[in-house]
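Student: next come a sequence and a model predicted from it.
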Amino acid sequence: MNWDQLDWPALDRLRAGFLSGSAADGPYWTTLSDLASYDLTYAERIGWKWDALLRELTLRHWRPPAGTTLIDWGCGSGIAARRVAAALGADHFTALQVWDHSSLARSFAANQARAHFPALEVTEIASAPTPASLPAAYTLVLSHVFNELSVEQRTALLALVAGAAAVLWIEPGTHADSRALATVRDRVRTTHQIVAPCTHRENCPLFLAANERDWCHFFASAPVGIQNDSNWVRFSHRAGLDLRSQAYSYLVLAAEPSARLIAPSAQLPAGSSAARVLGRVEIFKPYARFLACESTGLHWLELTKRTDPALIKRLDKTPPVPLYALAHDGHRANAMTPLVEAPEPTSND
Ligand SMILES: C[S@@+](CC[C@H](N)C(=O)[O-])C[C@H]1O[C@@H](n2cnc3c(N)ncnc32)[C@H](O)[C@@H]1O
């Protein structure tokens, strides 16, 4: 499939289903060409969100345990598992299994995975998996599926989450989708290690009445050049999407405590705690304003230029992974040091 072959009416129909909520009524893929058109456009855009999450995990040197079976549940065209296998190495997993209640989707996703990773054993799961039917050790990948599920289907899926060695999960960055994911997070916060986005395992502070307007979301940028690509411009207009940044929410879980997590409190400067900055940082002339989440809750804070001019400049241009050692008084950030640094580019880069 290329841009000239794209089935625009099929994309319009899919979009209408996503927006109206009718995507939750049952399988909606009608041909393999639907999936190929989705894979080139909507799914690729979802892939940019996966790239952002996988970049953070790579910089943090975190991976799901080696030797697990990768399960892509609600696989659609299979973009999520492909991005995970490409970033972590297909040989990090013993096999890939794809499940979707659409057999067309299963078939498309499996074939794509085989084409991309010829050495990886890929199978289609024939009927809705249960904890007993899955391999003993599996890494569960979930992407843009939760809002299509009934209460019963969500319950069945959460049983799979509970049994997974690791879970990598991305949903849209809307208020509702992010909060749905935070509800899951609160259900597993004492049984699983929360690798991301949280820096703590207290109850999620979003659910306090004072925080009901806030939500836990992030933005992934499109690869360089997309904004000037006539095909993508046409797609963004027709789909009503702004490709400058893709909002997403996410959750990464591990069944076993991992050695390498966000700075243990012992390694943080005295008086500071590990915090994640949610959403967008607003940059004004004399200060930056942002929402930080840490074990004491959510805080709207200001970082003045005088306190850290270099960081303000960076936040404006190329913000680091939004994890910080943060010291504040509830209103002002007194010290703010990125906890995850990308290596300096080498002369060959
Ligand atoms: C918006 S698409 C996302 C596909 C893919 N995960 C991605 O990120 O591009 C949602 C997918 O979930 C599947 N789905 C919805 N309800 C499901 C269910 N109850 N069981 C299995 N798959 C389901 C749909 O068929 C569709 O392929």
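Tutor: Thanks, I have the structure now. Everything numeric in this text was worked out from a predicted model, so none of it was measured.
Student: so the residue in the stretch 1-150 of the chain positioned nearest to the ligand is in which element?
Tutor: Proximity of the stretch 1-150 of the chain to the ligand (C-beta to the nearest ligand atom) peaks at residue 76, 2.4 Å away. Placement of C-beta: from N, CA and C, glycine included. Assigned by DSSP states H and E, residue 76 belongs to neither a helix nor a strand.
Student: give the closest residue to residue 271 in space, chain neighbours not counted.
Tutor: residue 327 (4.8 Å; C-beta to C-beta, 6 or more residues apart in numbering).
Student: just say helix, strand or coil for that neighbour.
Tutor: strand (DSSP: H, G, I helix; E, B strand; the rest coil).
Student: so it bridges to which residues?
Tutor: residue 335 (DSSP bridges).
Student: what number of residues lie near it?
Tutor: Neighbour count of residue 327, defined by other C-beta atoms under 10 Å: 18.
Student: equivalent analysis for residue 108, please.
Tutor: Considering only other C-beta under 10 Å, residue 108 is surrounded by 26 other residues.
Student: list the contacts of the closest residue to it other than its chain neighbours.
Tutor: Counting by C-beta to C-beta, 6+ apart, residue 108 lies nearest to residue 35, which is 4.1 Å off, once chain neighbours are set aside. Going by C-beta atoms under 8 Å, 6 or more residues apart in numbering, residue 35 touches 29, 76, 77, 104, 105, 108.
Student: for residue 37, give its distance to residue 5.
Tutor: Going from residue 37 to residue 5 by C-beta to C-beta, to the nearest Å gives 8 Å.
Student: which one of those two is surrounded by more residues?
Tutor: Taking other C-beta under 10 Å, residue 37 and residue 5 do not tie; residue 37 has more neighbours (23 against 10).
Student: sorry, back to before: show me what contacts the residue nearest to residue 271?
Tutor: 269, 271, 272, 273, 333, 334, 335, 336 are the contacts of residue 327 under C-beta under 8 Å, 6+ apart.
Student: list the buried ones in the longest helix anywhere in the chain?
Tutor: Longest helix in the chain, counting residues (DSSP state H): helix 42-59. Neighbour counts using 16 or more other C-beta atoms under 10 Å place 42-54, 56-57 of helix 42-59 among the buried residues.
Student: which strands or helices does it pack on?
Tutor: Applying 3 or more C-beta pairs under 8 Å, 6 or more residues apart in numbering; DSSP states H and E, one finds that helix 42-59 makes contact with helix 79-88, strand 166-172, strand 193-196, strand 218-221, strand 245-254.
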